[in-house]
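Q: With the sequence up front, the predicted model follows.
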Amino acid sequence: LPLMLLPGIVGKFMFVIPFVVAVTLAVSLVEAYWMLPTHIISLRLDLSKPSRMQRIRHAFTHQLRVKYSRALLYVMRRPKRFTALMAFVLAGAVAAVGGGLVRLEFFAFDPLRVFYVNVDMPANAPIAATLARVEAVERAVRTRLRPGEARALTSLAGVKFTDTEPLYGDAYGQLVVSVGPRAEGLRDVEEIVEALRNDLSTASGPGRISFTLLSGGPPISKPVRVRVRNDNNAELRAASDALLEIVRAVPGTKDVADDDVPGRPELVLELDPEAVRAAGLNPGLVARLVRLHVDGEIVAQMRDQGEKLEVRVRAAPRASPDIARLLDDPIALPARAGEPTRTTTLRALVRANTRTGKGVIKHYNLRRSITVEADIERRLTDTVAVNNAIRAAWENIQGRYPQTTLDFSGELDDIQESLDSMGVLFLLGIGLIYIILAAQFRSYWQPAMILVTVPLAFTGVVFGLLVSRNPLSLFTLYGVIALTGIAVNSAIVLIDAANRRRQQQMSVLHAAIYAARRRVVPILITSFTTIAGLFSLAFGLGGKSLVWGPVAASIVWGIGFSTLLTLFVMPVLYWALMPEHRSRRNGVQDAGQAV
């Protein structure tokens, strides 16, 4: 029960289901201890006259016990070979995870049936041009969707919704595509997006097109999210460009971009000291003249019915939208004695150039930063592998940008936080199970023997993922944690039965074999009923789910594998670790004759 509650502690969204399971188990204990005996008495069964079905069942269970006992004796006569085989199986499971045979996808959520097509126009594009481009993309998307796939398409201009925040500006456009419910013959959202990506990436037209898929849960940021930090603008931009090339070169990355959004064209004026001095002016006066021509200057304030009003003086507005025309506006110069009034222009007093300004300036930890983001092809790679590849490639060129530092965040942070929390809670749950079993069995060794079923269950999960081709996700690990509290049940039943026979003066060997033979049927029934309840969800018979399917599959494969191994591992361990195990081989032969 404590381990069944652990996944709910990790995240609030996972609390309800473990809590319901725990309450159900508690209620079932009440039914088993008090209500079930009453039902059996009220039925008044006459076991002295078994029915035909009961005779068949007794014959089947007898054959099952005999065949299992023979297989167990075969294993116990070869303990070294069996131990080596178990070590090889465990090592194979670890190697499958470490070697990448099991695909890692920590946040494997079912995508929502909606996605965004982002259109990023040039910085100086008017909103009308952005809307026209988005509408052209909408027409292209409509022609590429199959009949019945699209529920609604909406074109937006002036705003773009991202994973973390909305962005506003005339150059931003977005097409919201809502896809119909999943049905036979309709493509998944990923298939639709991949088909559109291949078609729209080669289409002609201004602006850059990218895609955003929405999922039903965390994380809220991209798999690749790296902040480049530097206070030198030139080095910051160069380092960001180098990082963009690194990310694009990593296999499996897509939609690579940064948040250094270009702004509008701006006119930069630099004073010419010699010209200002020759005109009899000073830099402060020239700056004030520029301000009067552009923004104006507040010369007085007053109040009208309690409302503050400002009086602003500025040059008359121009008919031309070109801001560079202000350089030709006349400026009166200070009059000199005996000379007529002189005039000049701003163009004669400044050196002017036009450049594209910054659309946004961001800081992270008190330094300027540019964030590089990317999505990944989850069938080809995973978040951890991609970020490790980026970090290794950056170390090779880090010497070119000595003042630049990288900060890896995004989905990687969520993964690390989840794994850290789950590790602590997993150890806490194992500790609680050990304390409970130690108090029950009054032993230090027997709880440790029972906990051997935990790696056996994990081995079953790994081989189940290899067969089903499901990814190792965060929800699969939730299933492993829940499985830990279930897998120990078979071992508890075997150890308890063996202890009872030892209290009847049986040897350790005979107690282990007789307990295994006696309890094999209840253990198999318990495991098969649990597997049967989760089978349809685990194998997607009623519909596949990337969230709950792996959870059920991990429990099903883990229980099946651990139950099979527990029936052979526990008797061997009990015989090997408990006292009174002298002359083992002769004892096995005697036990075989007794069986």
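A: Yep, it's here. Residues are numbered from 1 along each chain as shown.
Q: show me where the stretch 1-150 of the chain has strands.
A: 111-120, 150-161 (DSSP state E, counting those that start in this stretch).
Q: now the ones you listed as JSON lines including mean neighbour count and distance to Gln398?
A: To be clear about C-beta, it is placed using only N, CA and C from the backbone, and glycine gets the same treatment. Below are the strands of the stretch 1-150 of the chain laid out as JSON lines (neighbours: other CB atoms under 10 Å; distance: least, CB to CB, whole Å):
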{"stretch": "strand 111-120", "mean neighbour count": "20", "distance to Gln398": "29"}
{"stretch": "strand 150-161", "mean neighbour count": "16", "distance to Gln398": "32"}
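Q: And those strands: which comes nearest Leu167?
A: strand 150-161 (4.7 Å; CB to CB).
Q: tell me which element Ala234 is part of?
A: Assigned by DSSP states H and E, Ala234 belongs to helix 233-249.
Q: Moving C-terminal from that helix, which element do we reach first?
A: Past helix 233-249, the next helix or strand by DSSP H and E is strand 253-258.
Q: mind listing what's buried in that following strand?
A: Buried residues in strand 253-258, counted by 16 or more other CB atoms under 10 Å: Thr253, Asp255, Val256, Ala257, Asp258.
Q: Show me where the stretch 351-500 of the chain has its strands.
A: Using DSSP E, counting those that start in this stretch, strands in the stretch 351-500 of the chain cover 362-364, 367-376, 405-408.
Q: for these, which one sits closest to Ile531?
A: strand 367-376 (33.9 Å).
Q: returning to that earlier point: for the helix holding Ala234, name the packing helices and strands.
A: strand 224-229, strand 253-258, strand 367-376, helix 383-397 (3 or more CB pairs under 8 Å, 6 or more residues apart in numbering; DSSP states H and E).
Q: Mean pLDDT and distance to Leu90 added to the ones you listed, as a markdown table?
A: Listed next are the helices and strands packed on helix 233-249 as a markdown table, based on pLDDT from 0 to 100; distance: least, CB to CB, whole Å:
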| stretch | mean pLDDT | distance to Leu90 |
| --- | --- | --- |
| strand 224-229 | 91 | 34 |
| strand 253-258 | 85 | 34 |
| strand 367-376 | 89 | 31 |
| helix 383-397 | 89 | 23 |
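Q: Most tightly packed of these?
A: Stretch with highest mean neighbour count among the helices and strands packed on helix 233-249: strand 224-229 (a mean of 24; mean count of other CB atoms under 10 Å).
Q: Sheet-wise, list the partners of it with their directions.
A: If you go by DSSP bridges, strand 224-229 pairs up with strand 367-376 (antiparallel), strand 405-408 (antiparallel).
Q: a markdown table for these, including distance to Leu25?
A: A markdown table is the format used below for the strands paired with strand 224-229 (distance: least, CB to CB, whole Å):
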| stretch | distance to Leu25 |
| --- | --- |
| strand 367-376 | 39 |
| strand 405-408 | 41 |
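Q: closest one to Val299 among those?
A: Comparing the strands paired with strand 224-229 under CB to CB, the one sitting nearest is strand 367-376, at 36.7 Å.
Q: What angle do helix 383-397 and that closest one make with each other?
A: 130 degrees (axes from the mean of the first three to the mean of the last three CA atoms, to 10 degrees).
Q: if we can go back for a sec, want to try TSV for the helices and strands packed on helix 233-249, with distance to Glu307 as columns?
A: TSV is the format used below for these (distance: least, CB to CB, whole Å):
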stretch	distance to Glu307
strand 224-229	44
strand 253-258	44
strand 367-376	39
helix 383-397	55
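Q: do you know which of the ones you listed lies nearest Val299?
A: So among those, strand 367-376 is nearest, using CB to CB, at 36.7 Å.
Q: how far does that closest one sit from the chain's center?
A: 18 Å (CA atoms, centre = their mean, to the nearest Å).
Q: Show residues contacting it.
A: 213, 221-231, 233, 236-237, 240, 243-244, 247, 252-260, 361-363, 382-383, 386, 405, 407, 410 (CB atoms under 8 Å, 6 or more residues apart in numbering).
Q: Alpha carbons only: can I get it in CSV?
A: Extracted in CSV, the C-alpha atoms of strand 367-376 (Å, rounded to 0.1, in the frame of the first residue of the first chain):
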residue,chain,number,x,y,z
ARG,A,367,23.3,38.6,-18.1
ARG,A,368,22.0,39.0,-21.6
SER,A,369,20.8,35.7,-23.1
ILE,A,370,19.5,34.2,-26.3
THR,A,371,17.5,30.9,-25.9
VAL,A,372,17.9,28.2,-28.6
GLU,A,373,15.1,25.7,-28.8
ALA,A,374,14.3,22.7,-30.9
ASP,A,375,11.9,19.7,-31.1
ILE,A,376,13.1,16.1,-31.6
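Q: do you know which of the strands paired with strand 224-229 lies nearest Phe161?
A: strand 367-376 (14.6 Å).
Q: longest strand anywhere in the chain?
A: strand 166-179 (DSSP state E).
Q: residues of the following helix or strand past that strand that come out buried?
A: In the C-terminal direction, the helix or strand that comes right after strand 166-179 (DSSP H and E) is helix 189-200. Buried residues in helix 189-200, defined by neighbour count with 16+ other CB under 10 Å: Val189, Ile192, Val193, Leu196, Arg197, Leu200.
Q: between helix 189-200 and strand 150-161, how big is the angle?
A: Using the same axes, to 10 degrees: helix 189-200 against strand 150-161 is 70 degrees.
Q: Who are the packing partners of the helix or strand following helix 189-200?
A: Using DSSP H and E, the helix or strand that follows helix 189-200 in sequence is strand 208-215. Secondary-structure packing of strand 208-215 (3+ CB pairs under 8 Å, 6+ apart): strand 111-120, helix 189-200, strand 253-258.
Q: low-scoring pLDDT stretches of the stretch 151-300 of the chain, where are they?
A: The stretch 151-300 of the chain contains residues with pLDDT under 70 at 183-185, 202-203, 215-220.
Q: got it, and the stretch 401-550 of the chain?
A: Short version for the stretch 401-550 of the chain, where the test is pLDDT under 70: 542-547.
Q: change it to 90
A: 407-434, 436-497, 499-513, 515-516, 518-519, 522, 526-550 (pLDDT under 90).
Q: could you pull out the helices for it?
A: 411-441, 445-450, 453-468, 474-503, 508-538, 548-577 (DSSP state H, counting those that start in this stretch).
Q: Which among those is found nearest to Leu73?
A: Of the helices of the stretch 401-550 of the chain, the one closest to Leu73 (CB to CB) turns out to be helix 508-538, at 7.2 Å.
Q: Between helix 474-503 and the closest one, find me the angle.
A: Using the same axes, to 10 degrees: helix 508-538 against helix 474-503 is 150 degrees.
Q: Which parts of helix 508-538 count as buried, going by neighbours?
A: For helix 508-538, by 16+ other CB under 10 Å, it's 508-521, 523-524, 526-527, 530-531, 534, 537-538.
Q: Val66 versus Glu274, what's the distance?
A: 110 Å (CB to CB, to the nearest Å).
Q: who has more neighbours, those two?
A: Val66 (12 against 9; other CB atoms under 10 Å).
Q: Could you pull out the helices in the stretch 1-150 of the chain for me?
A: Under DSSP H, counting those that start in this stretch, the stretch 1-150 of the chain gives helices at 2-10, 16-30, 36-43, 52-76, 79-98, 127-144.
Q: Give me the contact list for the last one.
A: I take that to be helix 127-144. Under CB under 8 Å, 6+ apart, the answer for helix 127-144 is 117, 119, 121, 150, 153, 155-158, 170-175, 177, 195-196, 199-200, 203, 205-207, 209.
Q: deepest of the helices of the stretch 1-150 of the chain, which one?
A: It is helix 2-10: most buried of the helices of the stretch 1-150 of the chain by mean count of other CB under 10 Å, with a mean of 21.
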